[in-house]
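[1] turn this into a model:
(chains A, B, C and D)
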There are 2 protein chains.
Amino acid sequence: MAISPKKLSQILELAEKLCRERGVRLTAQRKQVLELVCAAEQPLGAYDILERLRSRMDNPTPPTVYRALEFLLEQGLIHKLESLHAFIGCSHPEHPHASQFLICSDCGDVSEIESDKIAEGLRKAEESTGFKAKRPVIELLGTCAECQLEPSE
Amino acid sequence: MAISPKKLSQILELAEKLCRERGVRLTAQRKQVLELVCAAEQPLGAYDILERLRSRMDNPTPPTVYRALEFLLEQGLIHKLESLHAFIGCSHPEHPHASQFLICSDCGDVSEIESDKIAEGLRKAEESTGFKAKRPVIELLGTCAECQLEPSE
DNA sequence: GTTGATAATGCTATATTATAACAAGTTATT
DNA sequence: AATAACTTGTTATAATATAGCATTATCAAC
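    Got it, this is the predicted structure:
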């Protein structure tokens, strides 16, 4: 189930808008990486992105990719899945949030959730410890509802 | 503030006990890796461990380390910090739990917490999505209470 | 519009983290 | 001792990520 072209261009326009407002530059390169990440079914590794960039630009190298990813992460336009070493488009870049992911080990599907309960728990933990979180990494690795039905596939 | 020798041997004894009960083998190699990880101030990377193993055995190689780590992770005797690519001793290996970590980017200190609120939030999220989590990764990167006091150090 | 500062890119090399593959040795049980 | 299952030894290499430095682009100030 690929993302629709319409939805994709909406994402890109929103990204343009946010960057304009913030006074940062969504350059062609960065935009292409964002587009690749957002258009992908699954989270992409940096070298997956590198591979796909070949058809769009001349001789991309790892730094090209990692620099773009760094920018996009800073701007909250994508997330990094630490446990997969992979990147995924952000579902709602317009408001900052503690990203929370459900990662199915069977089908590889990843869904971003926004649980208030979890957010609340995190806030409480910060409160009681005095810790100030800048980047929460919440990744639940396991089996999605669909894959639990199937014997194994 | 290093861990006391007494505390360390308690940890090792508990590990022995748990492995015995489970019918798995805490071999000398695995025990040494566990000891190094638990004795360390900070989380250790696999190659840090490799380095430290040199004084204890002959010509250790990456697979030696990774195999031991894999075993120790399976047994819940250590945790992997995905965002740091590093390993840390488990605070309470006797009962399984969703490990939750506060990772200070300033001083590098890592503390394991057990927030019921967070655990509760995770449970709720599973309930409402039908997702079954096998390995939760909860890592809050930020600044610990102490480091917030200091101007910068 | 030239100058100078800042940011972004190009490019090569290399660091860091992790696993594959297969041979050899150990352990526990028959 | 024979067997099966597990553990280790060893070499090689895969996969992920960054350092460092030269070059180019952008934009504001003069």
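[2] quick one: the strands in chain A?
    A:78-81, A:86-89, A:100-104, A:110-113, A:132-143 (DSSP state E).
[3] can you lay out those strands as a markdown table showing mean pLDDT and mean neighbour count?
    Every residue, glycine included, has its C-beta placed from N, CA and C. What follows is the strands of chain A, written out as a markdown table (pLDDT from 0 to 100; neighbours: other CB atoms under 10 Å in any protein chain shown):
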| stretch | mean pLDDT | mean neighbour count |
| --- | --- | --- |
| strand A:78-81 | 97 | 22 |
| strand A:86-89 | 97 | 23 |
| strand A:100-104 | 96 | 22 |
| strand A:110-113 | 94 | 17 |
| strand A:132-143 | 95 | 20 |
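[4] and the closest residue to A:K117 other than its chain neighbours, what is it in contact with?
    Closest residue to A:K117 apart from its sequence neighbours, by CB to CB, 6 or more residues apart in numbering or on different chains: B:G121 at 3.6 Å. By CB atoms under 8 Å, 6 or more residues apart in numbering or on different chains, the contact list for B:G121 reads A:S115, A:K117, A:I118, A:A119, A:E120, A:G121, A:L122.
[5] and if we set it to 7 Å?
    By CB atoms under 7 Å, 6 or more residues apart in numbering or on different chains, the residues touching B:G121 are A:S115, A:K117, A:I118, A:E120, A:G121.
[6] can you flag which of these belong to helices?
    Members of the contacts of B:G121 lying in helices (criterion: DSSP state H): A:K117, A:I118, A:E120, A:G121.
[7] from DNA strand C, how far out is the nearest residue to A:S111 once chain neighbours are set aside?
    Among residues not flanking A:S111 along the chain, A:L102 sits closest, at 5.0 Å (CB to CB, 6+ apart). To DNA strand C, A:L102 is 21 Å away according to CB to the nearest atom of the strand, to the nearest Å.
[8] got it, and A:E21?
    Counting by CB to the nearest atom of the strand, the gap from A:E21 to DNA strand C is 14 Å.
[9] neighbours around that residue, how many?
    8 (other CB atoms under 10 Å in any protein chain shown).
[10] okay, the strands of chain A in JSON lines with distance to DNA strand D next?
    Shown next, in JSON lines, are these (distance: least, CB to the nearest atom of the strand, whole Å):
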{"stretch": "strand A:78-81", "distance to DNA strand D": "7"}
{"stretch": "strand A:86-89", "distance to DNA strand D": "7"}
{"stretch": "strand A:100-104", "distance to DNA strand D": "14"}
{"stretch": "strand A:110-113", "distance to DNA strand D": "15"}
{"stretch": "strand A:132-143", "distance to DNA strand D": "12"}
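[11] out of those strands, which comes closest to A:P43?
    strand A:86-89 (3.6 Å; CB to CB).
[12] helices along chain A, start to end?
    All helices of chain A, identified by DSSP H, fall at A:5-22, A:28-39, A:46-53, A:62-74, A:116-129, A:145-149.
[13] among those helices, which is the most enclosed?
    helix A:28-39 (a mean of 20; mean count of other CB atoms under 10 Å in any protein chain shown).
[14] ok, that one near DNA strand C or not?
    Yes: applying CB under 7 Å from any atom of the strand, one finds helix A:28-39 touching DNA strand C at A:A28, A:Q29, A:R30.
[15] who are the contact partners of A:Q10?
    With contacts defined as CB under 7 Å, 6+ apart, A:Q10 has no neighbours.
[16] meant to ask about A:V37
    A:V37 neighbours (CB under 7 Å, 6+ apart): A:L44, A:I49, A:I78, A:F87, A:I88, A:G89.
[17] redo the contacts of B:G121 as JSON lines? Include pLDDT and distance to DNA strand D.
    Listed next are the contacts of B:G121 as JSON lines, based on pLDDT from 0 to 100; distance: CB to the nearest atom of the strand, whole Å:
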{"residue": "A:S115", "pLDDT": "93", "distance to DNA strand D": "25"}
{"residue": "A:K117", "pLDDT": "93", "distance to DNA strand D": "29"}
{"residue": "A:I118", "pLDDT": "95", "distance to DNA strand D": "24"}
{"residue": "A:E120", "pLDDT": "94", "distance to DNA strand D": "30"}
{"residue": "A:G121", "pLDDT": "95", "distance to DNA strand D": "27"}
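[18] export those residues to CSV and tack on distance to A:S4?
    Formatted as CSV, the contacts of B:G121 follow (distance: CB to CB, whole Å):
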residue, distance to A:S4
A:S115, 27
A:K117, 31
A:I118, 29
A:E120, 34
A:G121, 35
